[in-house]
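Enquirer: I'd like to go over a predicted model; first the sequence, then the structure.
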Amino acid sequence: MSATMSNSTNAPITPLDQLTGSTPLIRRPLELQGRSVLLATDGSPSAVAAAHVAHALATEHHAVVHVVSVVDTHAAPIPPPLDVALGMGDAIAGTELHREQEASVRAELSATLGGPIAWPVRTMLGTPAAAILKEAHRIGAALIIVGLRRHGRLIRALNDETALSVMRAAACPVLGVVAEMTELPRRLLAAVDFSAGSLAALRAGRAVAGPDATVVLAYVNAMNGFLLDEGQATIHRLGVDAGFAKLARELSDDGVTFDRVVLHHGPPQSPAQALLECADEVRADLITAGSVQHGRLDRWMVGSVSTELVRDGRRSVLIVPPRRSAP
């Protein structure tokens, strides 16, 4: 991978508005103030780091944090009838049992964060990813925060990739936090191809960033000519420099400090590998990317950038799902 980087403060601004109209590329950022953020916790080191990030979002952006803790009944060799019975028993025992479990989770979080936590807590039985998604839907979450750890091939074969499963099915942005990140990110690497998804991820990244954060905009050229979405079509028509220029104007107007980089890669290196190398070079503590719904042939040909980023497990990742069309 090779990268061409330029500091935006020295780069000329091309009047892209004259070419595309006055509609901004970046609309208003993800709003977290007063909105529900779901923190999924299982007591692991990455979940502890995620709790610190959730606490920082509540402090800096006045987000309303909800907590879900899932007892994974499918991870143990429980016979199906007993599994069902556990679920029924959980529902019947109800209030008192859940109150004790939730108090225990809240006490652990308070000890972790060094002060009393009054966040609503819900404990659930079942498959973690499905339970997290169900709770996010119930509270209308604007953001889901989960711990992120590296998975080997065996774990993938056993389908124990909760963060990735949540990211693939969530209706809102999902922030996967590695154990090393215990505060809001201060240096973001935004994977930008100028599609709606990548720009939505950039907006979400700005929303979760810490004060005085720096954004590094990274454009990765397509691996082949078969996948030409609206973002790549725009770049073919206007050029990467013109697209960066418009983003530069909008970010500067918002007072955001940023750099920009064009990543050059070729087989056997994938776009995700180029991004991960760039993240190492620029010392990014968060990578943002838009998730694209590809068909099976597309996935076979180019793979999934977001999947590779998440499975790498060395950097926190913010994935924004594609906009779903109305039924």
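Expert: Nice, thanks for sending it over. Numbers count the residues shown, from 1 in each chain.

Enquirer: Phi and psi next, for Arg122.
Expert: When read as degrees, to the nearest 10, the backbone of Arg122 gives phi -130, psi 130.

Enquirer: actually Gly210, not the one I wrote
Expert: Per degrees, to the nearest 10, the residue geometry at Gly210, taken as phi and psi, is phi -80, psi 170.

Enquirer: likewise Phe194?
Expert: Residue torsions, per degrees, to the nearest 10, at Phe194 are phi 70, psi 10.

Enquirer: and if you look at Met124?
Expert: Dihedral pair for Met124: phi -140, psi 150, per degrees, to the nearest 10.

Enquirer: What is the neighbour count of the residue nearest to it when sequence neighbours are not counted?
Expert: Once its chain neighbours are removed from consideration, Met124 has its nearest residue in Ala131; the separation is 4.3 Å (CB to CB, 6 or more residues apart in numbering). (Glycine included, C-beta is placed from N, CA and C.) The burial metric for Ala131, expressed as a neighbour count using other CB atoms under 10 Å, is 22.

Enquirer: isn't Ala131 right up against Val70?
Expert: Yes: taking CB atoms under 8 Å as the contact criterion, Ala131 and Val70 are neighbours in contact, 4.4 Å apart.

Enquirer: Overlap of the contact sets of these two?
Expert: Between them, Ala131 and Val70 share these contacting residues under CB atoms under 8 Å, 6 or more residues apart in numbering: Met124, Leu125.

Enquirer: could you give me the average pLDDT of the helix or strand in which the residue nearest to Met124 is found?
Expert: Here Ala131 sits within helix 128-139, counting by DSSP states H and E. For helix 128-139, the mean pLDDT works out to 95.

Enquirer: quick one, what contacts the spatially closest residue to Glu135 that is not a sequence neighbour?
Expert: Beyond its immediate neighbours in the sequence, the residue positioned closest to Glu135 (CB to CB, 6+ apart) is Val68, lying 4.5 Å away. Residues in contact with Val68, defined by CB under 8 Å, 6+ apart, are Leu38, Leu39, Ala40, Thr41, Val121, Arg122, Thr123, Met124, Ala131, Ile132, Glu135.
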